[in-house]
Structures are given as structure tokens and as C-alpha cells.
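Engineer: Based on what follows, work out the 3D shape:
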Amino acid sequence: MKKNRFKIKEFSLLCQVTVKTLRHYEKIGLLKPNEVDAWTGYRYYDVAQMQTLLNIRRLKSMGFSLDEILELYADGNISPSPQLIDEKIESCLKELDSLTKRLSDLRSVKASLGRISDMEKFEIQSLPEIIVASHREVIPSYADIGYMCYAKIGPEMIRIGCKCPEPGYCFTVDHNEYRATDIDIEYCEQVLEKLPDTDIIKFKTLEAVPKALCMKHIGPYERFYESFTEVFRYMEDYGYKLAGQPRTSYVDGIWNQEDPEKWVSVIQIPIEDVKM
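Structural biologist: I've put the predicted structure just below:
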């Protein structure tokens, strides 16, 4: 069965890590491309490496240096021993004020051992043809998505008289490789009819998506890479491949919940069956 593979820019966007970081990981031998085209020099990554990168990021979030992670991988380990985790917890406790978040990450990893089943987590849906009000902008960070929506896009849609169906449907699409800053993002919200374009809002019709793999994401937007990793691992396991541009739909966020840990989004990936 032919597996999904991604150019370095695509892998960067889906995993929310910079191309510069991926090249550095390759240079030090931590995460090398699965394939390098001898003629073009293009680097290709696969779904299994999304999980490897997720493991690296989790280890870093727990305070492990790149040298320590390299040593773990050299010994054939993909996760630290209970003894090593205990040592990091003790380090967090000694520097409680500055390392509170790191301690929380460690406890989150421990709590995540009892995951819900794939059948409860994933759903395949069709997405109908819709008319959307669209706004594309370069924003400082993913944390600024909410502010962009309620401070700029929302008021403009009200001003020009946009009418939205119930329940509402809005999502974003990334238009460049992952960056921690200066993110080229497009926000789309379903409307009932096209109106004249303005400097802020453009209208267009999006074609139907026959089959989309959907997964609920709970938490801040900076952790989307975790959900993308799970979605593409599921696709690899069940024989699906990417068939369109991924969407991130927003169900509940800063406009209704102050605590980012309670924000609800849905990852929507257009898919099709892999031909054997």
C-alpha cells in the first residue's frame, strides 16, 4: 500500500514546526527525512515521522535537551524511563515559579495514558458546498486568531449585513509553512449569500467535500500539531490519503471562554481511500 509522504514545507505546516528546525534536526541526526530525491534534492517525510516529531516535542516540553533526546534514541528508546521522569519532576519542584508549566506537561503526559478509542474520537463526514465570507491576513501568532475574528472580521460582517445560517460554521486555512510568528492565515465563515466585496471581506463559493475525517481538538490553538499528528496516524492506519486542504473549524473559543483549555475546535481533513 502506498503511504502518504510530505515535502518538507507540507510536513512543517502540518506539524507546526519551522523548516529551519527540521533542517537542524536532520543535521544533528535526530530526525532525518524518510526519503531524499537524488535528482531534485526534495526531502520527504512520512506519517510515522509525525509521531517521532511529536515525541521529540513532548520530551523537550518536559525539559529534556536535544543531546539527551539523541542519547535516548541512540539507546533505542522513544520515551524516558520512570526514573528519568521522576528526576525532571524533582527539578521542576526546585524551580517551581519558572517551571510550573513544564510540571503540568509532565502530569498531562501521565494522564493521557487512558485515551479514548478511535471510534469515539474520529468521525467521517461530508462537507457541503457553501458560500463563505473570507478574510486573509498575516497575524503575529496563532493566539491572535480570536482577536482577529471578534475585533475585525465580526464587526465588518455586521456592518455590511452578512447573514449566517444556524448553527454557524467558520474555519481557518494556513497558506504557508508553519511559523511561530507572521502567520499567513485565511478565515472563512459560512453565509447565506454573496455580497459585494470590501477591503476586509471577500466572498466565494467552496465546492463540496465528499469525505472528510474530523477530530475534535480541545485546548489552545498552539497545540493543533498534536491533533494533526493523531489524525494523520489514523489515516495511515485505516488506508486514507489527503485529498484537499485541511480546515480548522472553531466551535467555542475566546469569544465565549476565557480559559484556553476549554476552547473547542474541529480538525477537518479531506480524504479519499488509498488505491491498492
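Engineer: List the contacts of P210.
Structural biologist: By C-beta atoms under 8 Å, 6 or more residues apart in numbering, the contact set of P210 is S126. Where C-beta positions appear, they are placed from N, C-alpha and C, glycine not excepted.
Engineer: Next secondary structure after the host helix or strand of it?
Structural biologist: Following DSSP states H and E, one finds P210 within strand 209-218. Using DSSP H and E, the helix or strand that follows strand 209-218 towards the C-terminus is helix 224-238.
Engineer: What helices and strands are in contact with that following helix?
Structural biologist: helix 8-15, helix 47-61, strand 209-218, strand 240-242, strand 264-273 (3 or more C-beta pairs under 8 Å, 6 or more residues apart in numbering; DSSP states H and E).
Engineer: hmm, try it at 10 Å
Structural biologist: helix 8-15, helix 47-61, helix 118-121, strand 122-127, strand 209-218, strand 240-242, strand 247-252, strand 264-273 (3 or more C-beta pairs under 10 Å, 6 or more residues apart in numbering; DSSP states H and E).
Engineer: Reformat the ones you listed as TSV; add mean pLDDT and distance to L96.
Structural biologist: As requested, these are exported to TSV (pLDDT from 0 to 100; distance: least, C-beta to C-beta, whole Å):
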stretch	mean pLDDT	distance to L96
helix 8-15	93	31
helix 47-61	91	17
helix 118-121	62	34
strand 122-127	92	38
strand 209-218	93	27
strand 240-242	92	43
strand 247-252	90	32
strand 264-273	92	31
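Engineer: Out of the ones you listed, indicate the one that is most buried.
Structural biologist: Sort these by mean neighbour count, taking mean count of other C-beta atoms under 10 Å, and helix 8-15 sits at the top with a mean of 21.
Engineer: between it and helix 224-238, how many degrees?
Structural biologist: Interaxial angle of helix 8-15 relative to helix 224-238 (axes from the mean of the first three to the mean of the last three C-alpha atoms, to 10 degrees): 110 degrees.
Engineer: what are the ranges of the helices in the stretch 1-150 of the chain?
Structural biologist: 8-15, 19-28, 47-61, 66-74, 82-94, 96-111, 118-121, 145-148 (DSSP state H, counting those that start in this stretch).
Engineer: Please convert those to TSV, extending it with distance to V266.
Structural biologist: Formatted as TSV, the helices of the stretch 1-150 of the chain follow (distance: least, C-beta to C-beta, whole Å):
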stretch	distance to V266
helix 8-15	16
helix 19-28	27
helix 47-61	19
helix 66-74	32
helix 82-94	32
helix 96-111	21
helix 118-121	12
helix 145-148	14
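Engineer: Since that was my last question, I'll sign off now.
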